[in-house]
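Visitor: got a predicted structure plus its sequence, pasted below:
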Amino acid sequence: MKRISSYVIIFTSFIILSALITFIGCEGPQGPEGPMGLSADPNPGQCGTCHNVSTVILAKQIQYQESGHAQGEAYLRSTSAGCAPCHSNEGFRMKIAGEEVVGIDNPTPQNCRTCHNIHTNFTQDDFMLSTTLPVELTGIMYNGDVVDFGAGNLCANCHQSRPRDGLVLGGDDVKIDSAHWGPHHGTQSNILAGSGGFELAGPVEYLDSGHTKGVADGCVACHLSSHSLVPNVKSCEACHPGIKDFDYEGVQSEVTALLDELEDILIEAGLLSEKGDLGTVSGVTVSSTKAGALLNYLMVAEDGSHGVHNANYTKALLKNSIAAF
Ligand code: HEC
Ligand code: HEC
Ligand code: HEC
Ligand code: HEC
Ligand code: HEC
Ligand code: HEC
């Protein structure tokens with residue numbers, strides 16, 4: 001609420017200032033026409049299209065306050081250039097503008113301006129998404145895979161795994177060299193696309209689910225019924241009439257049980273530190289197969305959808321990893 005009231009103050013001051021400028025302007029000679037934008041002709045009527053008492057902005061602001069983007073503190077990591085493109089609004093805008101991303105001293109978290117082109121031409125076009133171009137995944141085994149989730153490409157820029165060199169199917173042993181070994185936290189684009197898991201041979205074939213290609217706009221179709229970014233069962237109904245909750249056909253229960261089983265195996269094998277903690281045991285050297293199973297566990301656990309994003313691929317990764325021990 002604090003943010004909203006300070007916004008109202010800034011906005012009101014702006015309108016008064018605009019009126020004053022217009023008033024003073026009446027007295028003097030006509031100046032040259034200014035560029036399109038705030039300084040040109042800040043017509044309060046035009047501003048009111050968005051800045052009024054309707055839900056256009058306010059509802060989104062209130063919903064967005066609830067989102068992980070607005071509440072989390074991951075943006076504080078953006079002082080480092082390697083983290084800034086995904087962890088801050090400023091770094092992301094540099095990245096999509098094709099500029100070299102540098103560390104940001106005073107970063108802001110993802111906000112309206114990260115995803116939309118606010119105050120560009122003062123029409124509804126300002127709500128167009130900042131990018132919807134297909135995204136190249138820097139995935140672990142499939143460097144160069146390009147995903148196209150339509151509007152969801154916006155999210156795929158950030159919600160993807162990171163490259164991990166030296167891990168090859170049937171390759172050399174691998175040293176687990178950190179307590180944060182493995183994929184990065186947001187593996188959702190890789191899982192949805194069925195790309196970037198360590199596809200160990202095993203009893204289950206690696207197939208994708210209907211969501212990989214069958215959901216136009218990918219992430220946005222399920223996560224944008226509200227700007228809290230929390231999915232809503234209503235967004236599933238169009239394709240799954242009668243669906244009651246996210247545990248459709250028991251997929252989430254099954255995946256949760258498989259994750260639990262694999263977690264126990266990996267703790268027993270001395271690769272994961274403890275139950276309920278995604279930390280890896282640093283300093284051990286293992287076969288590429290076991291390291292791959294560890295990677296698969298982390299890929300699925302970090303994805304957070306418990307199979308909804310891509311049920312077939314998720315189950316294949318977990319079952320074949322379990323079978324590898
Ligand atoms: C197409 C919709 C739209 C129009 C038209 C529009 N704005 Fe905005 N404005 C926004 C959005 C969206 C925000 C960001 C709100 C937030 O950050 O929560 C914003 C933010 C602001 C802010 C807060 C400070 C800032 O920059 O974040 C001010 C002041 C403001 N607008 C003034 C104006 C004025 C003056 C006009 C008319 C010249 C105008 N706006 C026209 C959508 C619009
Ligand atoms: C600029 C990079 C970026 C973009 C673009 C982005 N995200 Fe995020 N997202 C993040 C980061 C970083 C976090 C972690 C925030 C934190 O914890 O501080 C996050 C967190 C989330 C969370 C909360 C996760 C949790 O565990 O609570 C959801 C849900 C989410 N994002 C969905 C989306 C969707 C849907 C889109 C596209 C409409 C999107 N994000 C676009 C970077 C991004
Ligand atoms: C390709 C985009 C990307 C890059 C680059 C990136 N992150 Fe993230 N990071 C994310 C996303 C997306 C999330 C949120 C995932 C979720 O909640 O599902 C996240 C979450 C995190 C989290 C967990 C949330 C928290 O703050 O506790 C940590 C820790 C983290 N990142 C650290 C880093 C660090 C440190 C760097 C730089 C060395 C970095 N990340 C670079 C995309 C990225
Ligand atoms: C993480 C990215 C993200 C952030 C941050 C975000 N939005 Fe959105 N917004 C979207 C997406 C995605 C859509 C749906 C667009 C579509 O369906 O093509 C959307 C739609 C909208 C729409 C509807 C546009 C229309 O054409 O009907 C408005 C208005 C809007 N957002 C305002 C805001 C405001 C205000 C904020 C800041 C409080 C904000 N958004 C922050 C991603 C975001
Ligand atoms: C078919 C619908 C659907 C699609 C498409 C989809 N999601 Fe999800 N997502 C879900 C559901 C359902 C969950 C699990 C929510 C739950 O169990 O509470 C989830 C979970 C998540 C989480 C974890 C949230 C948390 O609180 O831990 C993040 C982050 C996320 N999705 C981001 C994305 C991104 C990014 C994309 C696109 C690459 C995407 N999702 C595509 C439906 C979808
Ligand atoms: C645009 C259409 C569409 C939307 C929206 C959609 N799905 Fe799906 N979903 C499909 C298709 C197509 C399949 C593959 C065919 C099938 O199994 O019904 C599928 C399969 C699934 C599966 C795998 C079923 C299995 O037994 O393997 C789950 C779980 C699932 N969806 C859950 C969800 C949830 C939860 C949501 C909402 C958050 C959702 N879906 C939204 C189209 C959609």
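Guide: Looks like it arrived, so ask away. Predicted model only: the values in this text are computed from it and were never measured. Ligands and ions are numbered 1, 2, ... in the order given.
Visitor: please count neighbours and contacts with C-alpha atoms only from this point.
Guide: Will do.
Visitor: poorly predicted segments of the stretch 201-325 of the chain, please.
Guide: In the prediction, the stretch 201-325 of the chain carries no residues with pLDDT under 70.
Visitor: which residues in it form helices?
Guide: Taking DSSP state H, counting those that start in this stretch to define them, one finds helices in the stretch 201-325 of the chain at 210-214, 218-223, 234-237, 251-268, 288-303, 311-323.
Visitor: what about the longest one and ligand 6, touching?
Guide: Yes: on the criterion C-alpha under 6 Å from any ligand atom, helix 251-268 is in touch with ligand 6 at residue 251.
Visitor: contacts for that helix?
Guide: Helix 251-268 is contacted from outside by 246-247, 272-275, 294, 297, 300-301, 305-308, 311, 314-315, 318-319, 321-322, 325, using C-alpha atoms under 8 Å, 6 or more residues apart in numbering.
Visitor: if you set the cut-off to 10 Å instead, what comes out?
Guide: If you take C-alpha atoms under 10 Å, 6 or more residues apart in numbering as the criterion, helix 251-268 is touched by 246-247, 269-278, 280-281, 290-291, 293-294, 296-298, 300-301, 305-308, 310-312, 314-315, 318-319, 321-323, 325.
Visitor: quick check on these: which are buried?
Guide: In the contacts of helix 251-268, burial by neighbour count holds for 246-247, 271-274, 278, 280-281, 290-291, 293-294, 296-298, 300-301, 305-308, 310-312, 314-315, 318-319, 321-322, counting by 16 or more other C-alpha atoms under 10 Å.
Visitor: next one: the residue of the stretch 151-300 of the chain found nearest ligand 4 from residue 83, what distance?
Guide: Residue nearest to ligand 4 within the stretch 151-300 of the chain: residue 220 (5.3 Å; C-alpha to the nearest ligand atom). Between residue 220 and residue 83 the computed distance is 24 Å (C-alpha to C-alpha, to the nearest Å).
Visitor: could you list the contact residues of the stretch 51-200 of the chain toward ligand 5?
Guide: Within the stretch 51-200 of the chain, the residues that sit near ligand 5 (C-alpha under 6 Å from any ligand atom) are 152, 155-156, 159, 188-189, 192.
Visitor: of those, closest to ligand 6?
Guide: Nearest to ligand 6 among those is residue 192, at 11.5 Å by C-alpha to the nearest ligand atom.
Visitor: quickly note the distance from that closest one to residue 164.
Guide: Distance of residue 192 to residue 164, given as C-alpha to C-alpha: 19 Å.
Visitor: cool, and residue 324?
Guide: Applying C-alpha to C-alpha, one obtains 21 Å for the distance of residue 324 from residue 164.
Visitor: now swap in residue 241 and tell me
Guide: Between residue 241 and residue 164 the computed distance is 40 Å (C-alpha to C-alpha).
Visitor: ok, residue 190 next?
Guide: For residue 190 relative to residue 164 (C-alpha to C-alpha), the value is 14 Å.
Visitor: ok, and the closest non-adjacent residue to the residue of the stretch 151-300 of the chain closest to ligand 4?
Guide: Nearest non-adjacent residue to residue 220, counting by C-alpha to C-alpha, 6 or more residues apart in numbering: residue 152, 5.2 Å away.
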